[in-house]
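Asker: Next one to model:
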Amino acid sequence: RLSELDRFALLRLHRTIERVTKAYDAYEFHLVYQSVHHFCAVDLSAFYLDILKDRLYADAPDDVSRRAAQTVLYEALTAITKLIAPILPHTADEAWNYIPGTELPSVQLADLPAVDAGLFDQALEAKWERFIGLRDDVLKALEDARKAKVIGNSLSAAVHLYPGEEDYARLQEFQQLEQLFIVSAVQVHPPGTPVPDEA
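Answerer: Numbers count the residues shown, from 1 in each chain. The predicted structure is shown next:
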């Protein structure tokens, strides 16, 4: 029972597994490093984990959305540990020893994770990639407001969006924009709504 966001995170994980496997086959170890780093720093830290914080810290332990997030994070941890094992064996083994449910005594005895192509969904991927671009714009505006001392942290902010026709239609596809932008409120104004001078 994964949400769209959870399924997108798993999709990005398996895109990373696909890239890393090809890089190992071609002995392009720099691409292994770049792909794993990008997934951890951008897909996980700057996006998925940023949005997940409330779910992980505040929801009940048996809440479906919290358990879904934990499922994705467990899959990511296990896969990334296996992916880095050939080039960072000691670090990977140390991490492996803390992963619950692993039956093998060392990650070096595990196979590289297999790509699950059934998770690939081009429409879902394109939808969330467009959203990430919009989210980056919103986060930049929030950071500018923070620097100008207009707001404190982002949870004290209300975001007003004045999109064109295409972005307006896209934004209607998303639920709980407040959680996705990590703000107190989001209002999406219909196309053609005049933008106030102070916006």
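Asker: only C-alpha atoms for contact and neighbour calcs from this point on.
Answerer: OK.
Asker: For this protein, which segments count as helices?
Answerer: Ranges of helices in the chain, per DSSP state H, are 4-25, 29-38, 49-58, 64-84, 89-96, 122-147, 165-171, 177-181.
Asker: Take the ones you listed and write them to CSV, including distance to Ala114 and mean neighbour count.
Answerer: CSV is the format used below for these (distance: least, C-alpha to C-alpha, whole Å; neighbours: other C-alpha atoms under 10 Å):
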stretch, distance to Ala114, mean neighbour count
helix 4-25, 7, 20
helix 29-38, 15, 16
helix 49-58, 23, 16
helix 64-84, 9, 19
helix 89-96, 18, 17
helix 122-147, 19, 14
helix 165-171, 33, 14
helix 177-181, 30, 19
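Asker: With respect to His189, which of these lies nearest?
Answerer: Smallest distance to His189 across the helices of the chain (C-alpha to C-alpha): 8.1 Å, for helix 165-171.
Asker: ok, back up a step: closest one to Leu112 among the helices of the chain?
Answerer: Among the helices of the chain, helix 64-84 comes nearest to Leu112, with 5.6 Å by C-alpha to C-alpha.
Asker: Show me what that closest one is in contact with.
Answerer: With C-alpha atoms under 8 Å, 6 or more residues apart in numbering as the test, helix 64-84 has contacts from 1-3, 6, 9-10, 13, 17, 20, 36, 52, 55-56, 59-61, 92-93, 95-96, 99, 107-108, 110-113.
Asker: quick one: which of the helices of the chain is nearest Ala157?
Answerer: Proximity to Ala157 (C-alpha to C-alpha) singles out helix 122-147 among the helices of the chain, at 8.0 Å.
Asker: can you redo the helices of the chain as a markdown table with mean pLDDT and distance to Asn153?
Answerer: Formatted as a markdown table, these follow (pLDDT from 0 to 100; distance: least, C-alpha to C-alpha, whole Å):
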| stretch | mean pLDDT | distance to Asn153 |
| --- | --- | --- |
| helix 4-25 | 97 | 24 |
| helix 29-38 | 97 | 26 |
| helix 49-58 | 90 | 14 |
| helix 64-84 | 97 | 24 |
| helix 89-96 | 97 | 33 |
| helix 122-147 | 93 | 7 |
| helix 165-171 | 89 | 24 |
| helix 177-181 | 93 | 12 |
